[in-house]
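*Asks:* next one to model:
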Amino acid sequence: MAAILGGGLGGLSAGYYLLKNNVTTNSNLKLYLLEATSYCGGWIKSIKNKDYIFEQGPRTIRPKGIMGLNTLNMMEDLGLSEHVAPIKPDHPAAKNRMIYVRNSLHVLPSSLKGVFKKNEPFSKPLIYALFNDIKQPHKELSDDSIYNFVERRFGKEIADYAISPMICGICAGDAKEISVKFLLKTLFEWEQNHGGVVKGLMKSLFKTKNDDNLELSALARRAQEEKWSVYTIKGGLQTFPHTLHNYLKENDVDVNLNTRVEEIEFVDSGTVSLKKTDGEVLNANHVYSSIPAYSLANLVQKQHPKLAQILRDIPFVTVGIVNLYFKTDKPLITPAFGFLVPPIENSPILGVVFDSCCIPDQNGTVLTVMLGGRWFEQKFGNNVTEEKLQKIAIKEISGILNIKETPTACNVNILKQCIPQYVIGHYERVEKIRNYILNNNLPISLIGCSYDGVGINDVIYSAKTQVEEDCP
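*Replies:* Just a heads-up that it's a prediction; the model follows:
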């Protein structure tokens, strides 16, 4: 028997790939999925109404790269192709991405032509950043913060106004703490191996690219041909995990909701006992853990305190989400994906997504305000109420977007410890965790956003990779 801990996207994807690898068919292995709450889907949750959709977590998916194409393959296999809503390069949500600096919104360059022009808040055309990289001396490092790396290679303005807000948007984190390997691993390797990013880029142009042996579905090929920027699911992104959940149940996976595990005991290399809070014990041959690292740490603490400590060393942040709906035919916003606020601005908000521009079938104006992240406690304390966050969000968008109307509907959600922070040394830490598991011959595989990437594509690919390693 194999057990999957957690019914978020990572756990659901692990079940999907175990079925695709014919694990249950070939070995008569029963597959269990244990989810502590009453819902499968993790942070992906959509509140639907006839006039709007409020997304509580992610709302769009990037189709780029091997991981993005892999997700599209899964979408087609699950019968979701007709529900996919792409945003193509000519769409305002693809072209218009803004930052809020010094009391003004500024559109970031979205084309090669744009980097040759001077764009506020940058004092020079962005092409000058490459000249900065060429003249910088080599600095040998094993890791660095993404902020330090970008400031060193491309200048402080790029670090403050391009990279820092981007990190806020991706993981609600502080670029001065996040590892450069989180987002710019290739560029960092070029610097370390060739003395600079431009030098590394020039040398890479003469290398033969290794094509990944991924057979593309019709949907993935279409995304490539049409050069999608991002895409979403009609009716809300929650449709995706909901469909995965149904797929597992239809294929005889035993999905157990409201089932909380309080301790994991590794009996031997082929047996693990999962002790539930109701006193029942479930024995499995292998466990796939997709729960957050800090939650897994609590389960293995008694038997493996050293492993628990390394797991707890992966920090997480809390994000406040305020969804706002304005029922009006009058356009309240300029069509765009939204805007981010650089930490240097010392704002209570991280940014705002213009959902009525990004998500189809919305009536009126729909906005999502993101608050806190790495600075949640610093800005709001430990006991902030949802009402307080709502007031802050409305005040901020009123000032920044000049929206004076009162929202027709609001929803506030405080997502506690929802996003892991890949701080400097993260990848070495994850290697230590997996080496400990390997050296102690523990029948457990780790998947999900705690280890191999925080995005939807990363989480799905993490499940695929771990399952294929265990089921060659």
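
*Asks:* show me the shaky parts of the chain.
*Replies:* By pLDDT under 70, the weakly predicted segments of the chain are 23-28, 207-212, 472.

*Asks:* got the domain ranges for it?
*Replies:* Domain assignment of the chain by automatic domain parsing yields the ranges 2-44+236-314+423-470, 115-204.

*Asks:* Ile403: which of the ones you listed is closest?
*Replies:* Within the domains of the chain, the stretch nearest Ile403 is domain 115-204; the backing value is 20.9 Å (Cβ to Cβ). Quick note: C-beta positions are derived from backbone N, CA and C, even for glycine.

*Asks:* end to end, how far does the closest one reach?
*Replies:* Terminal residues of domain 115-204 lie 22 Å apart, using Cα to Cα, to the nearest Å.

*Asks:* quick one: distance of stretch 366-376 to the chain centre.
*Replies:* Distance of stretch 366-376 from its chain centroid, counting by Cα atoms, centre = their mean, to the nearest Å, is 15 Å.

*Asks:* again, but for stretch 54-67
*Replies:* For stretch 54-67, the distance to the chain centre is 8 Å (Cα atoms, centre = their mean).

*Asks:* got the buried residues for that stretch?
*Replies:* Phe54, Glu55, Gln56, Gly57, Pro58, Arg59, Thr60, Ile61, Arg62, Pro63, Met67 (16 or more other Cβ atoms under 10 Å).

*Asks:* ok, so what distance separates Leu438 from Ile444?
*Replies:* Distance, Leu438 to Ile444, using Cβ to Cβ, to the nearest Å: 10 Å.

*Asks:* who's more crowded, those two?
*Replies:* Higher neighbour count among Leu438 and Ile444: Ile444, with 19 against 9, using other Cβ atoms under 10 Å.

*Asks:* would you confirm that the more buried one contacts Val287?
*Replies:* Yes: with contact defined as Cβ atoms under 8 Å, Ile444 reaches Val287; the gap is 4.6 Å.

*Asks:* what touches both of those two?
*Replies:* Residues touching both Ile444 and Val287 (Cβ atoms under 8 Å, 6 or more residues apart in numbering): Ile264, Val272.

*Asks:* which residues of the stretch 1-150 of the chain fall in helices?
*Replies:* Remark: helices assigned in the stretch 1-150 of the chain by DSSP state H, counting those that start in this stretch are 9-20, 23-27, 65-77, 92-95, 128-135, 146-154.

*Asks:* give the contact list for Gln224.
*Replies:* Applying Cβ under 8 Å, 6+ apart, the residues near Gln224 are Pro63, Leu69, Leu216.

*Asks:* what's the closest of the buried residues of stretch 54-67 to Val319?
*Replies:* For the buried residues of stretch 54-67, the minimum distance to Val319 (Cβ to Cβ) is 9.2 Å, reached by Gly57.

*Asks:* am I right that that closest one is in contact with Gly42?
*Replies:* Yes: with contact defined as Cβ under 8 Å, Gly57 reaches Gly42; the gap is 7.5 Å.

*Asks:* and Asn258, which of the three is it?
*Replies:* coil (DSSP: H, G, I helix; E, B strand; the rest coil).

*Asks:* if you skip the residues just before and after it, what's nearest to Phe154?
*Replies:* Closest residue to Phe154 in three dimensions, ignoring its sequence neighbours and counting by Cβ to Cβ, 6 or more residues apart in numbering: Ala129, at 3.9 Å.

*Asks:* can you give me the distance of the one you found to Asn435?
*Replies:* For Ala129, the distance to Asn435 - Cβ to Cβ - is 38 Å.

*Asks:* what does Leu442 give?
*Replies:* Leu442 sits 11 Å away from Asn435, going by Cβ to Cβ.

*Asks:* quick check: neighbours shared by these two?
*Replies:* Overlap of the contact sets of Leu442 and Asn435 (by Cβ under 8 Å, 6+ apart) is empty.

*Asks:* if we can go back for a sec, the residue nearest to Phe154 reaches Lys156, doesn't it?
*Replies:* No: taking contacts as Cβ under 8 Å, Ala129 lies outside contact range of Lys156: 10.5 Å.

*Asks:* tell me which of the two has more neighbours.
*Replies:* Ala129 (19 against 13).
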